[in-house]
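> I'd like to go over a predicted model; first the sequence, then the structure.
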Amino acid sequence: MSLSERTRTGLREMPSNAAWLLSRALKPADAVGTAADSARSAARDQRRKVTAAVVDVAPIGRDSVDIRMKRAHEAGDRAREAEERALEAARESKDRSDHARQVNERGRARVAEVDRETARRVKQRIAEAQKAADEAVARERQAAEGEAEEEQQEIRAEVADEVEEAQREAEESRERAEELVEEAAERLSEARRLADEAAEAARAAAEEAHRQAQQLAAEAEQQASEAEARVKETEQIREQARTAAKQTARELGRNPANGGLESYNKPELVELAASIGVEGRTNMTKDELVAAIAKASRTR
């Protein structure tokens, strides 16, 4: 019973001591609380199991007590191993947390240094660029002003030359205009004289032209009368030929025994059709020509 009590007391205190050591080891590491909580939970579970195993010894015999004591020691060994692993994990977590904190601090310091350096370089480059720009602007302004002054002087000289040339040309033009005015006056007088002569000649020519026109009109009228007479004579001859052709066609139509219109060939029929005024004769067949000629011959 005393052995059981000592064992129970030692096992009951051991997890508590291990938890205390674990909490002491993990106290400085704020970033690994989860690992410490896991180790404490494992120790509490193991302690409950060992306590339950030892409490069950009282109502059982000597052999059962030894067996259970052996199990309790084994459980205690396992609990210590678990505590050692938990402590090792806690130490490793603490080391990693410290390393991470150091890396973070170094990173922040490096970032701050880079920010300061880049800001310094940016300011320096801006200042250099501003200085270069100011110098370039000054050079460009000086060059532009010099070029503008030269161009202005050239333009002034060109304008002065152009004005002088224009004044000289204007004077020459005025003198030339006066000469032309005098010449124009002389030519106008001559033109008036020539115009008077031309008017006299035109009146004479008009009278002669009127006389010739009257003579030509009389001759044209006589020629027109003669032509009209010839046209009437031609119409009479044509009418007589047409009448004769119709008469011939009627006779041929009435006397088919003597050959009639069918005995003529097509060119002869076309000529006969032309003489009596048949239209479209050139596109007709021989039978159509015979019929057209017979029809036209019956028409006065």
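That came in fine, so what should we check first? Numbering: from 1, shown residues only.

> what residues are up against residue 169?
Under the criterion of Cβ atoms under 8 Å, 6 or more residues apart in numbering, residue 169 has no neighbours. Bear in mind the C-beta positions are built from the backbone N, C-alpha and C, glycine included.

> Need the mean per-residue confidence for the helix or strand hosting it.
According to DSSP states H and E, residue 169 maps onto helix 62-254. Averaging pLDDT along helix 62-254 yields 86.

> List the buried residues in whichever helix or strand comes after it.
Using DSSP H and E, the helix or strand that follows helix 62-254 towards the C-terminus is helix 266-275. Buried residues in helix 266-275, counted by 16 or more other Cβ atoms under 10 Å: 269-270, 272-273, 275.

> chain center to helix 266-275: distance?
Mean-position distance between helix 266-275 and its chain equals 78 Å (Cα atoms, centre = their mean, to the nearest Å).

> Alpha carbons of the helix or strand just after that helix, in CSV - could you do that?
Per DSSP H and E, the first helix or strand lying C-terminal to helix 266-275 is helix 286-297. Output in CSV follows, covering the C-alpha atoms of helix 286-297 (Å, rounded to 0.1, in the frame of the first residue of the first chain):
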residue,chain,number,x,y,z
LYS,A,286,-40.0,37.4,-155.6
ASP,A,287,-43.6,36.3,-154.8
GLU,A,288,-44.0,39.3,-152.4
LEU,A,289,-42.7,41.6,-155.2
VAL,A,290,-45.2,40.2,-157.7
ALA,A,291,-48.0,40.7,-155.2
ALA,A,292,-46.9,44.2,-154.3
ILE,A,293,-46.5,45.3,-157.9
ALA,A,294,-49.9,43.9,-158.8
LYS,A,295,-51.5,45.7,-155.9
ALA,A,296,-49.7,49.0,-156.6
SER,A,297,-50.7,48.8,-160.3
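
> and helix 286-297, what does it pack onto?
Judged by 3 or more Cβ pairs under 8 Å, 6 or more residues apart in numbering; DSSP states H and E, the packing partners of helix 286-297 are helix 62-254, helix 266-275.

> can you list these in JSON lines and add distance to residue 295?
Shown next, in JSON lines, are the helices and strands packed on helix 286-297 (distance: least, Cβ to Cβ, whole Å):
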{"stretch": "helix 62-254", "distance to residue 295": "10"}
{"stretch": "helix 266-275", "distance to residue 295": "11"}
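
> And the buried residues of helix 266-275, which is closest to residue 289?
Nearest to residue 289 among those, counting by Cβ to Cβ, is residue 269 at 4.1 Å.

> so how far is residue 109 from the closest one?
Distance, residue 269 to residue 109, using Cβ to Cβ, to the nearest Å: 132 Å.

> before we move on, what about residue 202?
In terms of Cβ to Cβ, residue 202 sits 121 Å off from residue 109.

> what do you get for residue 191?
With Cβ to Cβ as the criterion, residue 191 and residue 109 are 112 Å apart.

> CA atoms only: put stretch 202-213 into PDB for me.
The C-alpha coordinates for stretch 202-213 follow below in PDB (Å, rounded to 0.1, in the frame of the first residue of the first chain):
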ATOM      1  CA  ALA A 202     -16.900 100.900-145.000                       C
ATOM      2  CA  ARG A 203     -19.700 103.100-146.300                       C
ATOM      3  CA  ALA A 204     -18.400 102.800-149.800                       C
ATOM      4  CA  ALA A 205     -18.000  99.000-149.300                       C
ATOM      5  CA  ALA A 206     -21.400  98.700-147.900                       C
ATOM      6  CA  GLU A 207     -23.000 100.500-150.800                       C
ATOM      7  CA  GLU A 208     -21.000  98.300-153.200                       C
ATOM      8  CA  ALA A 209     -22.000  95.100-151.200                       C
ATOM      9  CA  HIS A 210     -25.600  96.200-151.200                       C
ATOM     10  CA  ARG A 211     -25.500  96.700-155.000                       C
ATOM     11  CA  GLN A 212     -23.900  93.300-155.500                       C
ATOM     12  CA  ALA A 213     -26.300  91.600-153.000                       C
END
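
> buried stuff in that stretch?
For stretch 202-213, it's none, nothing buried (16+ other Cβ under 10 Å).

> try stretch 291-300
If you call a residue buried by 16+ other Cβ under 10 Å, then stretch 291-300 has these buried ones: 292-293, 296-297.
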